[in-house]
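> let's see this in three dimensions:
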Amino acid sequence: MDEAVIGVVTVSDRASQGLYEDRGGPAISAYLERVLANPWRREARLVPDERTTIAATLRELADDQHCALILVTGGTGPAPRDVTPEATEDVCERILPGFGEAMRMASLKEVPTAILSRQLAGTRGRSLIILLPGKPAAIDTCLDAVFAAVPYCIDLIGGARLETRSEVIKAFRPKG
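Numbering: from 1, shown residues only. As a prediction, this is how the structure comes out:
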């Protein structure tokens, strides 16, 4: 099986300036190591909270690097500098609102401020782009809420095949 390319983008003014350690990108990579069964390669990016820079990065990962999946952490709150959703909407051909809804619902079970998050997902060409919170602890919660749909979505848009580990697939199934 060919190696899938996955974009991992951290959006943070402080981390991009070296003032703060990027913990979101490594948290995403650790999650992917746990759940994916097939070979994959990470294309990591660390960018400031600038709409044009974020959009250019997403275009580059989708169009030039041919990432099947692009996971973005940071910039999804209500603060004036949080422009990741707007930048993502600038580049996506289709928005998939169910992803954001599911991630917020899962997060609300853990923290009441999750309602403030503006997570979303969309597609650009053969790439699925998913926005995650900037807090590393929330990354697993949000990805657990939606990851069962990720390989199928990527198959539908013609992206590189992703396979999850069998024990992970069982964990994603609804309980009861």
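> got phi/psi on residue 166?
Main-chain torsions, residue 166, degrees, to the nearest 10: phi -60, psi -40.
> distance of the residue positioned nearest the centre of the chain from residue 103?
Geometric centre of the chain, nearest residue: residue 71, 2.4 Å, by Cα atoms, centre = their mean. Separation of residue 71 from residue 103 (Cβ to Cβ, to the nearest Å) stands at 12 Å. For glycine as for every other residue, the C-beta is placed from the backbone atoms N, C-alpha and C.
> likewise residue 139?
10 Å.
> coming back round to it: now do the shared contacts for residue 71 and residue 103.
residue 132 (Cβ atoms under 8 Å, 6 or more residues apart in numbering).
> how about the nearest residue to residue 59, chain neighbours excluded?
Nearest residue to residue 59 in three dimensions, chain neighbours excluded: residue 91, at 5.5 Å (Cβ to Cβ, 6 or more residues apart in numbering).
> residue contacts, that neighbour?
55, 58, 59, 62, 124, 129.
> over to residue 76?
82, 84, 85, 117, 118, 119, 131, 132, 133, 134.
> can I get stretch 83-96 as CSV, trimmed to CA atoms?
Once non-C-alpha atoms are left out, stretch 83-96 reads as follows in CSV (Å, rounded to 0.1, in the frame of the first residue of the first chain):
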residue,chain,number,x,y,z
VAL,A,83,-9.1,33.3,12.0
THR,A,84,-8.5,29.6,11.2
PRO,A,85,-12.2,28.9,10.3
GLU,A,86,-12.3,31.9,7.9
ALA,A,87,-9.1,30.9,6.2
THR,A,88,-10.4,27.3,5.9
GLU,A,89,-13.6,28.5,4.3
ASP,A,90,-11.6,30.5,1.9
VAL,A,91,-9.9,27.4,0.5
CYS,A,92,-12.6,24.7,0.9
GLU,A,93,-14.9,23.6,-1.9
ARG,A,94,-17.4,22.0,0.4
ILE,A,95,-17.9,22.5,4.2
LEU,A,96,-19.0,19.4,6.2
